[in-house]
Structures are given as C-alpha cells and as structure tokens.
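Asks: return atomic coordinates for the entry below.
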Amino acid sequence: MDNYILAMDQGTTSSRSILFDKNGKEVAISRKEIRQYYPRPGWVEHDPYEIWETQLATARDVLKKSGIGPESVAAIGITNQRETVVIWERNTGRPVAPAIVWQCRRTKEICDDLKARGLEKLFKEKTGLVIDPYFSGTKISWMLENVSGLKAKADKGELLFGTIDSWLIYNLTGLHLTEPSNYSRTMLYNINIGTTDREILGILGIPFEMCPLHKFSSGDFGKTKAPLFGKEIRIAGVAGDQQAALFGQTCFSEGEIKNTYGTGCFTLENTGTNIVRSKNNLLTTVAWDLENGPVYALEGSVFVAGAVVQWLRDELKLISNAEETCAIALSVADTGGVYCVPAFTGLGAPYWDDGARGTFVGITRGTGKAHFVRAALESIAFQSADLIRAIENDSGKKITELKVDGGASRNDFLMQFQADILGIPVVTAQTPDTTALGGAFLAGLGVGFWDSQETIRKTWKRKKQYMPRMADALRERLLSGWRDAVAASRVFKNNKTE
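Replies: Numbering: from 1, shown residues only. Sure, this is the predicted structure:
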C-alpha cells in the first residue's frame, strides 16, 4: 500500500529527508549537515559528492528509523537550494569541479561586463532576472573559462550542467532533467515562452548540449535505480526550495504570499498567470508548472538571514546556539539604537548592491551582547519588510497576512517583531517544514496520492498567529533608522578589500 511520500530537501547547510502521510503530517525526518568551503573572500563552494551522499544517506535513514519499507512510498519529491550549479562528465557522471553555491560572488566581473555591454534589459525581459552573480548562468560561464580543459570538453558535448535538482535526479535515475521553477533561476530560461534561450547561451558561451531537459514540476522524472532503496521509486515532483515553500504553504491563489527564513530569506507572492515586471528590483520567476500553464511569482531575496545567527555563534562566539537568541533579545527593552546590516555578500533585493558590506551602527559604550543579538535578529525582519513593501508597490495590492516558515520562524521574538514592523499578522503553519512539504505535495499530485490542490489545501493548518502591537510612530522611527543603516553599509563599496 502506497501510504507515504518521501521528500528530499537538499539545502545550503544540510541535506534532509522527510516522510509525509496523506494528511501532510511528518512521520519521520533525517538530517545531515554539509560543509561550506570558502577558498577566497566572496567565494562559496560545496562538494557535489557530499551533497549526493548525504542526501541519499538521509533518505535511507528516514525509511530505516520509521520502519517503513520502500514499497510503501508512493513517490519521491525533490526540493533544493537554487542557483547552485554542478558540472559533470556525460559519460562518467564525475563532477569536474566543486559546486559553485548561490551565495558565491566570484562572477562579479562577468556580470559587470554584461551590464557594460548594455544587456540588462535583454536579460530582464527574457528571464525575469537581474544580472547578478547570484544566478547560475555566469557561474557556468566562469567554470568553462577558468577550469582547465572544460571549455574544450563542453564544445565536444562531453559535459552536462545542472542545478542541484538535476544533480540529484541524475544520480538517482541516470536522467538529465530539471523543471521550470529551478530552470528559471539559471538566467538561461526564457520565461515568456518556456524554452532554453539560445541567444543567452551564446552570450555566455554555454553549449546547448550541456543543458538539461525541462519537464513539468509535477509528473514523471523517472524511477530510482533499484539498488539505491531495494526497489524502484518514482520521482514525481520537483521544485526549487522557495517555490516549493510557496506550494507547501498552499499559496495557490493570486496575491497569496509567504516568507521563508533560512540561510537567506525569500519572499514570494503568487501572481497567477501574470508575468509582473518589477519596478523595484524584484525578480519575476516561475513558481511552478503543472501542465496547465506556468504560474508566476514575484520574489525578493535576502542573502543573509539565518546566516547572521550562525555568524554570531561561529565567528563572534556570542551565542552557543540559535535557540537562545530569543531569550537574549528579550532580555533588553530594545537595541539601544544599534542596527545590524548583515551585507556579508552584498545586498539582495530591492538594492542589488554587491559592494555593500556588513555593518553595525549606533554602538555606544553601553552596547552589550544582548543589543548585538537583538539587532541581528531585527535585521532579518527589516530586510523582509523591504521586500514586502516592494512587492506591494509592484503588484499594487496591500498584503494583509504573511505566511512564514523556515528555521527562524520558530523564534517568537523575531516573528513578533516581524508582525510589528510590517503592521500585519504573521502566521506559522502546523507543519514547519513547508519547503519539503511542497516537494511532497507536487510529487503526490504527480501520482494521484492527492487528487487536487483543493484537497491539499484542506491539509494545511495554522499553528500560531502573531498580531502587530507596535505603535505607528515607533514603527516609522525604527524603519527610518534602518534606512540610514543600509545607506551606511553602502558607503564601503569603493573600499573593498578582496
């Protein structure tokens, strides 16, 4: 009896697998951390083998610890960190270089050259994206030009590239596939007509033969090789992590919005079948395509959210773990006028300023650990507020409720401050892992485990609601201070050290 969906959730800092039942309830979970490599300032890499091996290990572990055999798994859903890219050999499957992670800024010069050539409008109109090192296309171009022998191999058709969904699918099935939500983050996908854009491939020097075949987000991505789990299991749903979270939050209707607090912070609004062109430096992206035409989204991306808490723990040694930040932040009445702008890798939307640098402002002799911790948490809410206001300006619609998920959504202080600084309710879901749940929902639809989106919507339950309680005058004063702090972080763009 096929009673469960197995969701593989490959993220920036860990690989996870979660079993879900028909009510969308977590049955078992397994997680393994993956290592981040920083070979130079601004560079971030992963080991492709470690990504695959940890993801496979968690999938096997979650079946073992739950006591559920592979014969009871109806399908696998995959969700993944986006924009991170792997290149591997067509004949052997061997990666030819480390994976370049979405946070990596090494392709800044390539992006600057594209902008200098006046190509920003072309890229934006075709792909919905701004020209930025964040996206996969320039990462592929950089590897072909800078890793010895790769360009010649690529021109001979000997290499394949993929975002992490493709890398996992290839190792699970031997097939070279992706789908629109991930492919639309590469800078190579024309969102207007749903095809790989050969003009952009030519500009970036990427052979078409390297590109994966893209399928619908819910459907047939092949079956796993039998030795992996002792039985073939169909992969039936795939989406990039943020689009999967939008689906997992059941934001199926135009105007519904979610915010995910992970390593970065990502706000997406469902814009239905409408391609909304942002006037506020947001991204237009494919949310999913279920065979009846693509659904689009407006997206704002914060590069550093949960990562600022990791920094407090690992680099400054101010905390022992993320869980204690709530109590520390509440131990003081406010930040004492301190603001943190965690622009460690520049600023994402709506600024897109890769020259900005991490900044604390407003420090006095009385500033202590609790003020730094509280300011770091508040910075996550301030950055999210910037995104949400920009989305409102672009869509022309007032947002009345924000659904939230991700690790930091468990932090009561942060969620209350988010509601306060936005002036709207913030709602958490009963199932906290909505990214993995979205991948499971897509897979379940693909094999008839759930018969419709409306059936899925009935499984979603709210856990907690944070109502705004901050006075308007205080909100405006804090937001004004935040804008000044952001301006200060951007002063350093002409004084970079790398």
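Asks: what's across from the residue lying closest to Y183 once chain neighbours are set aside in the sheet?
Replies: Closest residue to Y183 apart from its sequence neighbours, by C-beta to C-beta, 6 or more residues apart in numbering: Y189 at 4.4 Å. No exception for glycine: its C-beta is placed from N, CA and C like everyone else's. Y189 has these beta-bridge partners by DSSP bridges: T196.
Asks: number of residues surrounding Y189?
Replies: By the criterion of other C-beta atoms under 10 Å, Y189 has 28 neighbours.
Asks: I'd say it and R198 touch.
Replies: No - at 11.4 Å, Y189 does not count as touching R198 under the criterion of C-beta atoms under 8 Å.
Asks: if we can go back for a sec, from P350, how far off is the residue nearest to Y183?
Replies: 23 Å (C-beta to C-beta, to the nearest Å).
Asks: what do you get for F266?
Replies: Taken as C-beta to C-beta, the span from F266 to P350 is 13 Å.
Asks: so where's the stretch 301-450 of the chain shaky on pLDDT?
Replies: Along the stretch 301-450 of the chain, no part satisfies pLDDT under 70.
Asks: which other residues reach stretch 429-439?
Replies: 7-9, 16, 18, 20, 24-26, 29, 77-79, 237-239, 241-249, 258, 260, 403, 405-406, 409-410, 460-463 (C-beta atoms under 8 Å, 6 or more residues apart in numbering).
Asks: residue contacts, G174?
Replies: With contact taken as C-beta under 8 Å, 6+ apart, G174 is in contact with 222, 225.
Asks: could you do N281 as well?
Replies: Each residue near N281 by C-beta under 8 Å, 6+ apart is listed here: 130, 349-352, 390.
Asks: and if you look at L312?
Replies: Each residue near L312 by C-beta under 8 Å, 6+ apart is listed here: 318-319, 325, 372-373, 376.
Asks: inside helices: which ones of the residues you listed?
Replies: Within the contacts of L312, residues falling in helices by DSSP state H are 325, 372-373, 376.
Asks: would you list those residues in a markdown table and tack on neighbour count and distance to T92?
Replies: Formatted as a markdown table, those follow (neighbours: other C-beta atoms under 10 Å; distance: C-beta to C-beta, whole Å):
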| residue | neighbour count | distance to T92 |
| --- | --- | --- |
| T325 | 23 | 45 |
| F372 | 22 | 49 |
| V373 | 27 | 48 |
| A376 | 27 | 45 |
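Asks: nearest to D155, of those?
Replies: Of all these, the one sitting nearest D155 is A376; the distance, using C-beta to C-beta, is 47.0 Å.
Asks: right, and that closest one touches G306 too?
Replies: No - applying C-beta under 8 Å, one finds A376 not in contact with G306, separated by 10.4 Å.
Asks: element containing the residue lying farthest from the centre of the chain?
Replies: Going by C-alpha atoms, centre = their mean, the residue of the chain most distant from its centre is R365, 38.1 Å out. Using DSSP states H and E, R365 sits within no helix or strand.
Asks: quick one: it from H371, how far?
Replies: Distance of R365 to H371, computed by C-beta to C-beta: 12 Å.
Asks: same question, L387
Replies: 25 Å.
Asks: which of the contacts of N281 sit farthest apart?
Replies: V130 and A390 (12.9 Å).
Asks: which residues in the stretch 251-400 of the chain form strands?
Replies: Using DSSP state E, counting those that start in this stretch, the strands assigned to the stretch 251-400 of the chain run over residues 257-261, 265-272, 283-289, 294-302, 339-341, 359-361.
Asks: and those as CSV, adding distance to S166?
Replies: CSV is the format used below for those (distance: least, C-beta to C-beta, whole Å):
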stretch, distance to S166
strand 257-261, 22
strand 265-272, 20
strand 283-289, 16
strand 294-302, 19
strand 339-341, 35
strand 359-361, 37
